[in-house]
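> Sequence isn't available, so here's the structure alone:
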């Protein structure tokens, strides 16, 4: 098999696996945050230079169980999705939520 065919197959597998992860996230709720809410916050918690959280992210966080989300701080789940846990823990304060959880 030629090199470009191997690369193409690898890319297709990556897209298929990524799509399945996103579908699973969209179908589930974690700490009162939908998959769509989690994905709205992902850019703001992805290194190296994340943008400020979007209004969709802040809205999702305002309905989230922040103490529950703290339980993911040391989990391998966030890094496996490309999210920096330290950046993620800063989002409630950046969204100016009234009582950000103290993790």
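Noted; the coordinates are in hand. Since we're looking at a predicted model, the values are computed, not measured.
> Please read off the pLDDT at the residue nearest in space to the middle of the chain from the model.
Centre of the chain computed as the mean C-alpha position; nearest residue by Cα atoms, centre = their mean is residue 42, 3.8 Å away. Per-residue confidence (pLDDT) for residue 42: 95.
> I figured it hits residue 87, correct?
No: at 10.1 Å, residue 42 does not count as touching residue 87 under the criterion of Cβ atoms under 8 Å. Heads up, the C-betas are built off the backbone N, CA and C, glycines and all.
> which residue sits closest to the residue nearest to the centre of the chain, ignoring its sequence neighbours?
Leaving aside its sequence neighbours, residue 42 sits nearest to residue 83 (Cβ to Cβ, 6 or more residues apart in numbering; 6.0 Å).
> The one you found contacts residue 44, correct?
No: when contacts are counted by Cβ under 8 Å, residue 83 is not listed as touching residue 44 (9.5 Å).
> Against residue 66, how distant is residue 51?
Per Cβ to Cβ, to the nearest Å, residue 51 is found 21 Å from residue 66.
> what's the answer for residue 91, then?
Relative to residue 66, and taking Cβ to Cβ, residue 91 is found at 10 Å.
> Look at those two and report which has more neighbours.
Comparing residue 91 with residue 66 by other Cβ atoms under 10 Å, the one with more neighbours is residue 91, at 23 against 20.
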